[in-house]
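S.K.: Fold the stuff below for me.
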Amino acid sequence: MIDSLVALLESVPHPVATVLIAALPVAELRGAIPIAIGVYGMDPLRAYALAVIGNMLPVVPLLLFLESVSDYLRRWVFWDVFFNWLFTRTYHRHNTGFERYGTIALLLFVAIPLPITGAWTGCAAAFVFGIQFRHALVAILGGVMLAGVIVTAATLAGIGFFGLL
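M.R.: Purely as a prediction, here's the structure:
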């Protein structure tokens, strides 16, 4: 996947490519930071900042319009089944944590740099659990920033460990 993203964006300036990769739901900053540092040779602080900006780009529209878009798309059976699956899965997997810890749970959920966590899924969780816009935005931003620190440190440690730096 990394090779495909890099090849797809080879004609795009590296800072713009980093922002775009971070905005994608399949990569987010978990893919953008290693690519920016390891492939593009970007300074880690710059890679971090661009990845956080890119990862946060879709958050406001998602938080504001996820309900409207899902309501509109649910008119078709495919999308109705998809959104029922997504929201039911999100609710059942994270119900206990979100009921007990609310916004802090959202921040920690987004901060964990694993597949199926991150800003995009955090927006879906905020919608499912009815977290207010401003609280969700702050929690997701905090989670993205914390995930960025973790991913940057892991990338630098991996590059240093394998002697590529």
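S.K.: What residues of stretch 101-108 count as buried?
M.R.: 103, 105-108 (16 or more other Cβ atoms under 10 Å). Quick note: C-beta positions are derived from backbone N, CA and C, even for glycine.
S.K.: what's the answer for stretch 54-72, then?
M.R.: Buried-residue list, stretch 54-72, by 16+ other Cβ under 10 Å: 54-56, 58-59, 62-63, 66, 70.
S.K.: Kindly reformat those as TSV and extend each row with distance to Phe98 and secondary structure.
M.R.: Supplementary listing: the buried residues of stretch 54-72 in TSV, determined by distance: Cβ to Cβ, whole Å; DSSP: H, G, I helix; E, B strand; the rest coil:
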residue	distance to Phe98	secondary structure
Gly54	26	helix
Asn55	21	helix
Met56	21	helix
Pro58	21	coil
Val59	18	helix
Leu62	17	helix
Leu63	16	helix
Leu66	16	helix
Ser70	18	helix
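S.K.: Mind picking the one among these that's closest to Glu28?
M.R.: Asn55 (5.2 Å; Cβ to Cβ).
S.K.: Pull up the gap between Ile150 and Trp79, please.
M.R.: 34 Å (Cβ to Cβ, to the nearest Å).
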